[in-house]
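One predicted model, sequence on top.
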Amino acid sequence: MPRYQYQWVPFNESERWNAAVRACGHFDTYHQSAYHAVVSSQSECFVGCGGEPFLFVYEEEVNSGNISSFHTPSAANGADSPRAVGDSSRTIGGVAKKRLRLAVPILRRRLDMIPGLESIRGYDAISAYGYPGLLVSDSRFAAGYPTSRTAQAAERATGDLVENAADAFDFSEYAVIRSRFQKAFLAGLQELEVTSFFGRCHPLFPSERFWYAGIAEIRRTGQTVALDLSLSEEAQQRQLRRDTRSRLRQAHEAGVTVRVSDDIDRFMLLYNTTMRSVRASSGYFFERSYYEQLFATLGPQRLKMLFAEYDGEVVASAIFLLSVPPDESHPSRDAVIQYHLSGSLTNACTKRWGGGTRLLLDWMRRFGVSHGYRWLHLGGGLGGRGPGDPLFDFKAGFSKRYFEFDTVRWIVDPEKYERLVSHRLSGYSSTERETILSSDFFPLYRCS
């Protein structure tokens, strides 16, 4: 009988948190305790912020012969070593055992902070802003894990895409494990008095099938774009769309330059101007303290703020998050750079060569290649939308590699959920109630 257990790790126990994340072999900045310390310090009025961070960790001992692609953690990671969570392998009765790990971070939010629900006790949970989806310590749940070494070599040489093993392998070997994980996660959420959970999956770590089989609704929200930095330079250049290549050349010829900076005020000016131009909701206008804490907790090694300048004027800026510092080896060599936030100015000069944002992305692409990162993830379009959205199409000019972006909607306590919706809507007119009930918002009792 396989042994399994679960635990909640609070974000202030950062060594335990990060050890459990690293034990999965592949991870992102969005999974780490430092990032959750930042977003939890912000008001819930900002998208994916507020609440109390927890990391759910599930562990199960299985026969290593059954699932052979586990990540085996190294003991050379110092204080962050996954050995703090438990040995990854051992032998019982002559049978080799390995420990499978699944981990997912959440933000637990109080219900009595919602207008109209001040008298209600309890919580709900969401994912932090970004892509802090479920991690699985099996390399088949990491992007870029093709079905054979031959296919992998061919992809890196040509840039042509091959089928991802996470989509190709027989998931039936995980069916029983999935059932136990779901029961454990349900029990864990009930312990935290959580009524509903909204999760954002990670496009590069496709583990959404662990949510299937009835416990939650999985929504295909859209697609995202990522650059595979392990491809040869020639192959990466072939990924560039013709207009992107032309705009980059024009920006270089115009004398646009790129510099690294920590000028938060200048970044906020460009970012907020851009958000207003696309009519973004107020939840995307982060306060200065958000950027200050990002710098303070991640530091210049894991956060890069870039500016593009033309004729002495800043015309574009962007923040990139690095899953590990440039001088640190990554356990699975799948280190990720996230294109987190950006802003730009548009004037007659910049229109001629398409602004400076392309130059920032290309600068970071080259930085990632030279420092051994595997992925530069650009994200998707507005609201997670895919092809046809102008923002997505802009990003797609850098890569033909698209990934699916899913969200998880789970009503943990259906009876309480219905009471909350009814209570929340009691002050609305019948027309307003119909509009809210027919909306796609989740959870409905937070719709305003």
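The structure has been received and is ready for your questions.

And F197, which helix or strand is it part of?
In this structure, F197 is located in strand 194-200 according to DSSP states H and E.

and that strand, what other elements does it pack with?
strand 95-110, strand 123-126, strand 402-411, helix 414-425 (3 or more Cβ pairs under 8 Å, 6 or more residues apart in numbering; DSSP states H and E). From N, CA and C alone the C-beta is placed, and that goes for glycine too.

hmm, who's touching the third one?
Contacts of strand 402-411 from elsewhere in the structure, counted by Cβ atoms under 8 Å, 6 or more residues apart in numbering, are 131, 143, 195-201, 203-204, 206, 208, 211, 215-226, 380, 384, 386-387, 396, 417, 442-443.

ditto for the shortest one
Here strand 123-126 makes contact (Cβ under 8 Å, 6+ apart) with 48, 51, 106-111, 189, 192-199, 443, 446.

and the helices and strands packed on strand 194-200, which is most packed in?
Comparing the helices and strands packed on strand 194-200 by mean neighbour count (mean count of other Cβ atoms under 10 Å), strand 123-126 ranks first with a mean of 24.

pLDDT averaged over the helix or strand that that strand is followed by, what's the number?
On the C-terminal side of strand 123-126, the closest following helix or strand by DSSP H and E is strand 135-136. What strand 135-136 shows for mean pLDDT is 95.

swap in stretch 212-231?
89.

what do you get for stretch 346-356?
For stretch 346-356, the mean pLDDT works out to 66.

helices or strands next to the helix or strand just after the strand holding F197 in the packing?
The element immediately downstream of strand 194-200 (helix or strand, assigned by DSSP H and E) is strand 217-228. Strand 217-228 is packed against helix 233-239, strand 375-379, helix 390-395, strand 402-411, with contacts defined by 3+ Cβ pairs under 8 Å, 6+ apart.

can you list the ones you listed in a markdown table and add distance to H36?
Output for the helices and strands packed on strand 217-228, formatted as a markdown table (distance: least, Cβ to Cβ, whole Å):
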| stretch | distance to H36 |
| --- | --- |
| helix 233-239 | 32 |
| strand 375-379 | 19 |
| helix 390-395 | 26 |
| strand 402-411 | 18 |
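
between these, which one is nearest to V62?
Closest approach to V62 among the helices and strands packed on strand 217-228 is made by strand 402-411 (24.2 Å; Cβ to Cβ).

just for the stretch 151-300 of the chain, where's the confidence low?
Within the stretch 151-300 of the chain, the stretches with pLDDT under 70 are 151-170.

what's the helix or strand for V314?
Here V314, judged by DSSP H and E, is contained in strand 313-322.

by how many degrees do that strand and strand 375-379 diverge?
120 degrees (axes from the mean of the first three to the mean of the last three Cα atoms, to 10 degrees).

just how off-centre is strand 313-322 within its chain?
19 Å (Cα atoms, centre = their mean, to the nearest Å).

Toward the C-terminus, what is the element adjacent to that strand?
Scanning forward in sequence from strand 313-322 by DSSP H and E, the next helix or strand is strand 336-344.

Run through the neighbouring helices and strands of that following strand.
Applying 3+ Cβ pairs under 8 Å, 6+ apart, we find strand 336-344 packed against helix 264-277, strand 313-322, helix 357-370, strand 375-379.

Parallel or antiparallel, list what pairs with the last one.
This means strand 375-379. Neighbouring strands of strand 375-379 in its sheet, by DSSP bridges, are strand 217-228 (antiparallel), strand 336-344 (parallel).

which residues are contacting it?
For strand 375-379, the external contacting residues (Cβ under 8 Å, 6+ apart) are 131, 143-144, 203-204, 224-229, 334-339, 361, 364-365, 368, 395, 398-399.

still on that earlier bit, which ChimeraX command selects the buried ones in the contacts of strand 402-411?
Filtering these down to the buried ones (16 or more other Cβ atoms under 10 Å) takes a single ChimeraX command:
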select :131,143,195,196,197,198,199,200,201,203,204,206,208,211,215,216,218,219,221,222,223,224,225,226,380,384,386,396,417,442,443
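
mind listing what the residue positioned nearest the centre of the chain touches?
Most central residue of the chain, judged by C-alpha distance to the mean C-alpha position with Cα atoms, centre = their mean, is Y131 at 1.7 Å. By Cβ under 8 Å, 6+ apart, the residues touching Y131 are 28, 30, 200-204, 338, 377, 405.

Would you quantify the distance from Q7 to E13?
The gap separating Q7 from E13 is 11 Å, by Cβ to Cβ, to the nearest Å.

I meant to write G188 there.
Counting by Cβ to Cβ, the gap from G188 to E13 is 16 Å.

of the two, who's got more company?
Set G188 next to E13 and count neighbours by other Cβ atoms under 10 Å: G188 wins out with 18 against 13.

Can you read off the pLDDT for P326?
Here the pLDDT value assigned to P326 is 85.

what does the one 5 residues further on give?
Predicted confidence (pLDDT) at P331: the value is 49.

low-confidence ranges in the stretch 1-150 of the chain?
In the stretch 1-150 of the chain, residues with pLDDT under 70: 1-2, 64-97, 144-150.

switch the cut-off to 90
1-4, 11, 25, 61-99, 115-116, 138-150 (pLDDT under 90).

now the strands for it?
4-10, 52-63, 89-92, 95-110, 123-126, 135-136 (DSSP state E, counting those that start in this stretch).

can I get the helices and strands packed on strand 336-344 in TSV with distance to A254 and mean neighbour count?
Shown next, in TSV, are the helices and strands packed on strand 336-344 (distance: least, Cβ to Cβ, whole Å; neighbours: other Cβ atoms under 10 Å):
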stretch	distance to A254	mean neighbour count
helix 264-277	18	16
strand 313-322	10	22
helix 357-370	10	21
strand 375-379	23	25
